[in-house]
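Undergrad: Pasting the sequence and the predicted model now:
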Amino acid sequence: GQNIDQPTEMTATEGAIVQINCTYQTSGFNGLFWYQQHAGEAPTFLSYNVLDGLEEKGRFSSFLSRSKGYSYLLLKELQMKDSASYLCAVRGLTGANNLFFGTGTRLTVIP
Amino acid sequence: DGGITQSPKYLFRKEGQNVTLSCEQNLNHDAMYWYRQDPGQGLRLIYYSQIVNDFQKGDIAEGYSVSREKKESFPLTVTSAQKNPTAFYLCASRNMNTGELFFGEGSRLTVL
């Protein structure tokens, strides 16, 4: 089975740094994705980790530790437009290689 | 531009009616997916198709049906058998090389 845990909600201040954690327990692992989703809109791709370590992309970074079943998304220099839900998704090892999603973390950026 | 188009964006249905949600992609992706999203829950997989004329049930397929007659199209029918159909429905296709999912804008279905 698959189990993916993320905090439900977080609040952070404009200009600050926030870290959104994701822990997972899956029967197979073939990569972890982070998506951003604004209310009522489609999720958009942020990052992909398949090996341990940090992937940096502008203000966003994502970290993976496969041995710990743990990832985080780091957002720097927060802007008001970063208020959104952030979805952690794990890619399985089944023939379909489907993605399994966590419930998402709703981030609110305040002035 | 390449992408995924879902329609309609908003849909109202009376109880007992079937309704079909359209999903079209021009990304030349083989695999397509339908997810349902409810408040406080993660995306849940309804059906997926890895190739034309083939599809598989996801985790919550009961009350739904799909077809995949063309590579570009993967319509979802919400039948009257679906007991709680009010939700936000997302269609996606997958880049087989990277595994990344590309999503449509979603269809919000409300049953009156």
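TA: Good, I have the coordinates.

Undergrad: what does stretch A:7-27 contact?
TA: By Cβ atoms under 8 Å, 6 or more residues apart in numbering or on different chains, the surrounding residues in contact with stretch A:7-27 are A:1-6, A:32, A:34, A:68-80, A:86, A:88, A:90, A:92-93, A:100, A:102-103, A:105-111, B:40. Where C-beta positions appear, they are placed from N, C-alpha and C, glycine not excepted.

Undergrad: can you do 6 Å?
TA: The set of residues external to stretch A:7-27 that reach it, using Cβ atoms under 6 Å, 6 or more residues apart in numbering or on different chains, is A:2-6, A:69-76, A:78, A:86, A:88, A:90, A:105-111.

Undergrad: and if you look at stretch B:98-112?
TA: In this structure, residues lying in contact with stretch B:98-112 by Cβ under 6 Å, 6+ apart are A:31, A:42-43, A:45, A:91, B:4, B:6, B:10-15, B:21, B:23, B:85-86, B:88-94.

Undergrad: Any buried residues in it, and which?
TA: Neighbour counts using 16 or more other Cβ atoms under 10 Å in any protein chain shown place B:G99, B:E100, B:L101, B:F102, B:F103, B:G104, B:G106, B:S107, B:L109, B:V111 of stretch B:98-112 among the buried residues.

Undergrad: Mean confidence (pLDDT) on it, please.
TA: Taken as a whole, stretch B:98-112 has a mean pLDDT of 91.

Undergrad: ok, and the closest non-adjacent residue to the residue nearest in space to the middle of chain B?
TA: With distances taken as Cα atoms, centre = their mean, chain B has B:W34 as the residue nearest its mean C-alpha position (3.0 Å). Closest residue to B:W34 in three dimensions, ignoring its sequence neighbours and counting by Cβ to Cβ, 6 or more residues apart in numbering or on different chains: B:I46, at 4.4 Å.

Undergrad: Please apply the same query to A:T44.
TA: Take A:T44 and drop its neighbours on the chain: the residue closest to it by Cβ to Cβ, 6+ apart is A:Q36, 5.4 Å away.

Undergrad: average model confidence for the strand or helix carrying B:Q6?
TA: Using DSSP states H and E, the element containing B:Q6 is strand B:4-7. Mean per-residue pLDDT for strand B:4-7: 95.

Undergrad: And stretch A:18-37, by the same measure?
TA: Averaging pLDDT residue by residue across stretch A:18-37 gives 93.
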